[in-house]
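Peer 1: would you be able to build a 3D model of this:
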Amino acid sequence: MQRHPPGEAMCATRTTPPASPRSAARGVARLLDVSILDAFEARLDRLVNGAFARAFTAEVQPIEIAAALHREMDDRAAVIDKSRTITPNVFHIDLSSRDFERLTVFVDALRAELNGITREHAQNQGYVLVGPPEVHFAEDADLDVGVFRVRSQARPAPGAPAAAGTPRLVFPEGKEVPLVSTITRLGRGTDVNVHVDDAGASRTHCEIVLGSPVRIRDLGSTNGTFVNGERITEVEAIDGTRITIGTTTLTLRTD
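Peer 2: Below is the predicted model:
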């Protein structure tokens, strides 16, 4: 797993190796609902009059991307409690220059279908999405043909609050950050999940562990982690718990 800057703090990165057209694509899909992926491929083929079969004879297959998104959702699903499991809803797919050029011809149809199967997979698995599915494509000249990278995050729609029941941290200015990983690390460094811009914060200051109950754990910070005004090593947390790092106080919301 690769770490990302604060703006991508909840992202995961995966590089998918080159594969032969049909056998590799079907191999990727073995652990998934094949009927959903078959329907996805058939719909795309109809929409572009069979162009995918010609355009992707040796490059990235659309069904490989679809399968990778399903796998990303499964791998990054975070169990909040018995009835709620949060999973990413925003996906950034990096492609080689050649694959990106070929995909751009069909990008609107492909994006719409990928958004649809992402929503369908979430419904089938009982996952909670904090916002609508979004799939974005970008070119990476350093990638070889047939190789692609998936980065994901859970992100509410702009201006919209997180979905009801999604654990989140509320900053003093009102910004909300959904907690979608089992363990979320906070601090001043660049390799944490939630960046706290405070001179009193350590680079890796503390972490929040989702579960029943939620727990907050200090990670040997210099100035300490304070929960509801008390310095802690590890403590259980509930809705409304106040976490102070340096001079910054965050509020945990789980309702």
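
Peer 1: CA atoms for contacts and neighbours, from now on please.
Peer 2: Noted.

Peer 1: what's downstream of the host helix or strand of residue 138, the next helix or strand?
Peer 2: Residue 138 is part of strand 134-139 when elements are defined by DSSP states H and E. Using DSSP H and E, the next helix or strand after strand 134-139 towards the C-terminus is strand 148-153.

Peer 1: how close does the residue nearest to residue 156 when sequence neighbours are not counted sit to residue 231?
Peer 2: Leaving out its chain neighbours, the residue that sits closest to residue 156 by Cα to Cα, 6 or more residues apart in numbering is residue 131, at 4.2 Å. Noted for residue 131: a distance of 35 Å to residue 231, by Cα to Cα, to the nearest Å.

Peer 1: which one's more surrounded, those two?
Peer 2: Remark: of residue 131 and residue 231, residue 131 carries more neighbours, 18 against 15, as counted by other Cα atoms under 10 Å.

Peer 1: local confidence estimate at that one?
Peer 2: We have a pLDDT of 85 for residue 131.

Peer 1: wait, isn't it in contact with residue 89?
Peer 2: Yes - using Cα atoms under 8 Å, residue 131 makes contact with residue 89 at a distance of 6.4 Å.

Peer 1: for the residue nearest to the spatial centre of the chain, give the beta-bridge partners.
Peer 2: Nearest to the mean C-alpha position of the chain, by Cα atoms, centre = their mean, lies residue 153 at 2.6 Å. Beta-bridge pairing for residue 153 (DSSP bridges): residue 90.

Peer 1: anything in contact with each of residue 131 and residue 89?
Peer 2: 154, 155 (Cα atoms under 8 Å, 6 or more residues apart in numbering).

Peer 1: re the thing from before, give me the element the residue nearest to residue 156 is part of.
Peer 2: Residue 131 belongs to no helix or strand, assigned by DSSP H and E.

Peer 1: separation between it and residue 105?
Peer 2: Residue 131 is 27 Å from residue 105, by Cα to Cα.

Peer 1: ok, residue 119 next?
Peer 2: 24 Å.

Peer 1: ok, the two, which is more surrounded?
Peer 2: Shown here are residue 119 and residue 105; by other Cα under 10 Å, residue 119 has more neighbours (18 against 13).

Peer 1: wait, the more buried one touches residue 133, no?
Peer 2: Yes - between residue 119 and residue 133 there is a contact at 6.5 Å, judged by Cα under 8 Å.

Peer 1: in contact with residue 250: list those residues for me.
Peer 2: Here residue 250 is in contact with 169, 170, 171, 172, 242, 243, 244 (Cα under 8 Å, 6+ apart).

Peer 1: which SSE is it in?
Peer 2: Using DSSP H and E, residue 250 maps to strand 248-253.

Peer 1: mind listing what's buried in that strand?
Peer 2: 249, 250, 251, 252, 253 (16 or more other Cα atoms under 10 Å).
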